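Undergrad: Sequence plus predicted model, see below.
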Amino acid sequence: MKTYFASCPKRSEEWLEEELKTLGAKNIEKKNGGVQFKAENEAALKILFETRLASRMYLLLDVYPIMNEKDVYGKVNAKWWHKVFDNNQTFKIQTLFDTDAHNFFKNSMHFSMMVKDAIVDQFRSQTGRRPNVDTSNPDISLLVRVEGRGREPGFNAKFYLDMTNVPLSDRGYRRGKHKAPLRENLAAILIHISKWDPKKAALSDMFCGSGTILIEAAMIQMSLPPTYIKIKKARRGRTTDFAFLNHKWFQDDKNLQKWVSDYFEKVTVMADKVKESKSQNLIGGDRDISFAIENIRAAGLEGHIKLIETDFKSFKPDVDTEGLVLITNPPYGERLEGGEELYYQIGEALKNNFKRSDAFVLTSDDEYRKKIFLKSTRKYPLFNGPIDCRLMHYEVN
């Protein structure tokens, strides 16, 4: 089995760990910024295609123990990089330091340059040529995570291959530019935390915006892998969304290529059948639903989500709200208008229009959320990009 690392939004590691267990990952270890695990090739690619919560996924190539900068060139140059990728492929390197490594090495760009020099010199010595660097659209992306060893001296430099190229969080259904879209995998994390069961309850969003929460819920309801749009494009040979397709370890494994081809065909058939079915238990509202309509159409899920163009104070799902799950991302930070009055009205809307429901409200404003005047069952700390947030859970009576 090989070792992999799946990254995720900060403070979401425990939810990704839960998901990876259900997807068949082995030897799971929660880390800062993601989860490390082991899997066979087919199982790893199935995880890559089906994880809803991960941002990216990486294959661990090697771990180099180093004491200082002088060790970097020699350790990296000793690896047979020409067996990892070809010299006609472009590459880039990103280096991330933990706190200990940052305090010692200071400059991650300089570290990346040392790694780059060691790799291209090894190519020259083995093949007589060197690969070119492309920082915008490379064939091969390498991630170097440099971590302190705790009480032991020195550092571990972990070298990974990025398997995704385009982040897994970029599903491919976004159209236009909504001023505050929620990352797709963060929306899936909110749904995961809510424990929504599509067979038992409706799901609603009173600030649906670009429709992300509802679209993610529809994919869960239909058992569609979150990569299905990318997969359909890949079958037509029109995507570079999956970096692993350029990796030598994949290109040299004909059986694995056949498995991926069969999986892509199965998912494409599944996605096409979605258009033949309809659902009535996903309902969203907003003053402007044009962004949501466009994204839902791009996702091919028009028959599965109902939208109502209305202010949140007037938004009433036309289903029994008992047991309904409301997940919403109201304005906060730069989007906030109305402050205390807005959050007071959110509380009134929950009490009047969502009786006997489970409500989950994502917000960063500690003082304003107190104006909801409902006792929260639990607060979940999360990050929405750089914004420190709380997902508030209210059991509305």
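TA: Nice, thanks for sending it over. Residues are numbered from 1 along each chain as shown.

Undergrad: Lowest average confidence across helices and strands of this protein, where is it?
TA: The weakest-scoring helix or strand in the chain, judged by mean pLDDT, DSSP states H and E, is helix 366-369 (a mean of 83).

Undergrad: May I have the phi/psi pair for the most centrally placed residue in the chain?
TA: The centroid of the chain falls nearest to residue 55 when counting by CA atoms, centre = their mean (2.9 Å). Backbone torsions for residue 55, taken as degrees, to the nearest 10, come to phi -90, psi -40.

Undergrad: so what's it up against?
TA: 6, 7, 8, 9, 34, 167, 168, 169, 185 (CB atoms under 8 Å, 6 or more residues apart in numbering). C-beta: built from backbone N, CA, C; applies to glycine.

Undergrad: Just the buried residues from these, in ChimeraX please.
TA: In ChimeraX syntax, the buried subset of the contacts of residue 55 is picked out as below (16 or more other CB atoms under 10 Å):
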select :6,7,8,9,34,167,168,169,185
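
Undergrad: Let's see which of the contacts of residue 55 end up in strands.
TA: Among the contacts of residue 55, the residues falling in strands (DSSP state E) are 6, 7, 34.

Undergrad: Just list whatever residues bridge to the closest residue to the second one other than its chain neighbours.
TA: By the measure of CB to CB, 6 or more residues apart in numbering, the closest residue to residue 7 outside its immediate chain neighbours is residue 34, 3.9 Å from it. According to DSSP bridges, residue 7, residue 31 are recorded as the beta-bridge partners of residue 34.

Undergrad: From the contact counts, what lies against the least confident helix or strand of the chain?
TA: Here helix 366-369 touches helix 339-353, strand 387-395, going by 3 or more CB pairs under 8 Å, 6 or more residues apart in numbering; DSSP states H and E.

Undergrad: And these: which comes nearest residue 193?
TA: strand 387-395 (6.2 Å; CB to CB).

Undergrad: thinking again about what came up before, show residues contacting the least confident helix or strand of the chain.
TA: In contact with helix 366-369 (CB under 8 Å, 6+ apart) are residues 332, 336, 339, 340, 342, 343, 361, 363, 390, 392.

Undergrad: can you tell me which of these lies nearest to residue 190?
TA: residue 361 (9.9 Å).

Undergrad: what residues are up against the closest residue to that closest one other than its chain neighbours?
TA: Excluding its sequence neighbours, the residue lying closest to residue 361 (CB to CB, 6+ apart) is residue 392, at 4.7 Å. By CB under 8 Å, 6+ apart, the residues touching residue 392 are 360, 361, 362, 363, 369, 372, 376, 379.

Undergrad: Now do the same contact list for residue 108.
TA: Neighbour list for residue 108: 95, 96, 97, 102 [criterion: CB under 8 Å, 6+ apart].

Undergrad: Can you flag which of those belong to strands?
TA: Per DSSP E, those map to strands at 95, 96, 97.

Undergrad: For the second one, give the beta-bridge partners.
TA: Following DSSP bridges, residue 96 is listed with bridge partners residue 145.

Undergrad: Give me the pLDDT value at it.
TA: At residue 96, the predicted lDDT confidence score is 93.

Undergrad: Where do the domain boundaries of this protein fall?
TA: What automatic domain parsing lists as the domains of the chain is 2-162, 184-222+277-395, 230-274.

Undergrad: end-to-end on the second one?
TA: The first and final residues of domain 184-222+277-395 sit 25 Å from each other (CA to CA, to the nearest Å).

Undergrad: Residue 87: how many residues sit nearby?
TA: Residues lying near residue 87 (other CB atoms under 10 Å) number 18.

Undergrad: How about residue 187?
TA: Other residues close to residue 187 by other CB under 10 Å number 26.

Undergrad: what about the residue of the chain most remote from its centre, distance to residue 117?
TA: Largest separation from the mean C-alpha position in the chain: residue 128, at 39.6 Å (CA atoms, centre = their mean). Separation of residue 128 from residue 117 (CB to CB, to the nearest Å) stands at 17 Å.

Undergrad: what does residue 232 give?
TA: Applying CB to CB, the value for residue 232 to residue 117 is 41 Å.

Undergrad: One more: residue 192?
TA: Residue 192 sits at a distance of 43 Å from residue 117 (criterion: CB to CB).

Undergrad: Which residue of those two possesses the greater neighbour count?
TA: Neighbour totals were compared for residue 192 and residue 117, and residue 192 leads with 19 against 14 (other CB under 10 Å).

Undergrad: For residue 196, see how far away residue 318 is.
TA: From residue 318 to residue 196 the distance is 19 Å (CB to CB).

Undergrad: just the helices in the chain please.
TA: With DSSP state H, the ranges of helices along the chain come out as 13-22, 41-50, 69-77, 99-105, 108-127, 184-194, 212-221, 228-235, 248-251, 254-274, 290-299, 339-353, 366-369.

Undergrad: Let's have these in a markdown table, adding distance to residue 151.
TA: As requested, these are exported to a markdown table (distance: least, CB to CB, whole Å):
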| stretch | distance to residue 151 |
| --- | --- |
| helix 13-22 | 23 |
| helix 41-50 | 32 |
| helix 69-77 | 20 |
| helix 99-105 | 11 |
| helix 108-127 | 23 |
| helix 184-194 | 33 |
| helix 212-221 | 42 |
| helix 228-235 | 43 |
| helix 248-251 | 35 |
| helix 254-274 | 41 |
| helix 290-299 | 49 |
| helix 339-353 | 46 |
| helix 366-369 | 37 |
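
Undergrad: still on that earlier bit, list the residues that contact the residue nearest to residue 7.
TA: Counted by CB under 8 Å, 6+ apart, residue 34 has contacts 5, 6, 7, 8, 13, 16, 54, 55.
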